[in-house]
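**Student:** Below are the sequence and a predicted model for it; my questions follow.
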Amino acid sequence: MTSRGERALVLGGGGLTGIAWLYGMLTGLAEQGVDLSRADLVVGTSAGSAVGANVACGRDLDELYATQLVTGTGEVAASAGRGLALRMARAALLGPRGAQQVRARIGRMALATDTVPEQERLDIMESRLGGAVWPSDRDLQVTAVDAHTGEFRALDRDSGMTLVEAVAASCAVPGVWPPVTALGTRWVDGGVRSMANADLAAGYERVVVLAPLTSGFGAMAKPRTQVEALAASSKAVLLSPDEAARKAFGSNVLDPAQRPPSARAGRAQAAAVAAQVRAVWN
């Protein structure tokens, strides 16, 4: 395969605790001399889309990490418990098993769910991004799924969406947050296809995948499977939360109260894995 570029950073989904862990990992790795923020390609899915957008736009990692240690930031607590998992599984398994067909059923479930107003979510995304717009000096791809058709899209600066709309779409967890209206349709979380969508980094020489959640069911591609495929032609590594980080996440990844311990756990974990990442990145 012809190389598309040198370095790609892939950031997966994982709720508010995932955002915090990602910022902790990125900050901790930079402290160890492994700066992932200068990637040629940044791929963000769900939680990773918000982090990836800020990283690709050049915002200061230390400042971003510090935001995760502050309480009362306006983030709304939600639940991603067993009930949601059952509804997702039902939508995925009851009907034709084609990947796009499954995503369309999950999208219909999301469209039928009563949630907070869409504008409220857009305002939260605006606050997460601090006025950032699509970067012009690197490739940022934000993943989302058309709620009506199940079509998967890697959104970029030429997609016709604002960066806030794209990140809000990628973070629109089905059954929890409202699908986002853009480009004449409604969009839900890119994690419906894969929690990382690491295959978008195919063709890059060096790939680091940070995946707060690594699960997948039905037609969803698991991050580990995608990274194993990448490793056939690239230097690639997958990192996910260690035991201490998983404990810090608690039982609800959408609980803003768990952000500070999750961020600290990510920063601590970075020191333990820096050599492994350095061997790929540098």
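**Tutor:** On my side now, so go ahead. Numbering: from 1, shown residues only.
**Student:** Per-residue pLDDT of Leu9, please?
**Tutor:** On pLDDT, Leu9 comes in at 98.
**Student:** The helix or strand hosting it pairs with which strands, and in what direction?
**Tutor:** Element membership of Leu9, judged by DSSP states H and E, is strand 5-11. When pairs are called by DSSP bridges, strand 5-11 turns out to pair with strand 41-44 (parallel), strand 204-210 (parallel).
**Student:** Need the contact partners of the last one.
**Tutor:** Contacts of strand 204-210 from elsewhere in the structure, counted by CB atoms under 8 Å, 6 or more residues apart in numbering, are 3-12, 22, 25-26, 36, 39-41, 48, 196, 198, 201, 223, 226-227, 230, 234-240, 277, 280-281. To be clear about C-beta, it is placed using only N, CA and C from the backbone, and glycine gets the same treatment.
**Student:** Could you check how far Ser159 is from Ser170?
**Tutor:** 12 Å (CB to CB, to the nearest Å).
**Student:** between the two, who's got more neighbours?
**Tutor:** Taking other CB atoms under 10 Å, Ser159 and Ser170 do not tie; Ser170 has more neighbours (33 against 18).
**Student:** where does Trp187 fall, helix, sheet strand or coil?
**Tutor:** Per DSSP: H, G, I helix; E, B strand; the rest coil, the local secondary structure of Trp187 is strand.
**Student:** List the contacts of it.
**Tutor:** Here Trp187 is in contact with 144-147, 153, 169-170, 172, 179-181 (CB under 8 Å, 6+ apart).
**Student:** what does Ser234 give?
**Tutor:** With CB under 8 Å, 6+ apart, Ser234 has these contacts: 201-207.
**Student:** could you redo the last one with a cut-off of 7 Å?
**Tutor:** Residues in contact with Ser234 (CB atoms under 7 Å, 6 or more residues apart in numbering) are 204-207.
**Student:** What of Arg224?
**Tutor:** Contacts of Arg224 (CB under 7 Å, 6+ apart): 214, 238.
**Student:** I'd like to know how far it sits from Arg259.
**Tutor:** Plainly put, Arg224 is 26 Å away from Arg259 if you go by CB to CB.
**Student:** Check the offset of stretch 5-25 from the chain's centre.
**Tutor:** Remark: stretch 5-25 is offset 6 Å from the chain centroid, using CA atoms, centre = their mean, to the nearest Å.
**Student:** re earlier: which of the contacts of strand 204-210 fall in strands?
**Tutor:** Counted as lying in strands by DSSP state E, out of the contacts of strand 204-210, are 5-11, 41, 235-239.
**Student:** Can you tell me which of the strands paired with strand 5-11 is nearest to Val188?
**Tutor:** strand 41-44 (15.1 Å; CB to CB).
**Student:** So what touches the closest one?
**Tutor:** Identification of contacts with strand 41-44 by CB under 7 Å, 6+ apart yields 5, 8-11, 51-53, 55-56, 138-142, 170, 197, 200-201, 204.
**Student:** can you check stretch 58-69 too?
**Tutor:** 20, 23-24, 26-27, 30, 37, 54, 130, 132, 259-260, 263.
**Student:** ok, now stretch 161-168?
**Tutor:** By CB under 7 Å, 6+ apart, stretch 161-168 touches 49-50, 53, 121-122, 125-126, 129, 132-134, 142, 144, 155, 159, 180, 182-183.
**Student:** And the contacts of strand 41-44, which of them are buried?
**Tutor:** Among the contacts of strand 41-44, those classed as buried by 16 or more other CB atoms under 10 Å are 8-11, 51-53, 55-56, 139-142, 170, 197, 200-201, 204.
**Student:** What distance do you get for Pro158 to Ser136?
**Tutor:** For residue 158 the amino acid is Asp, not Pro. Counting by CB to CB, the gap from Asp158 to Ser136 is 11 Å.
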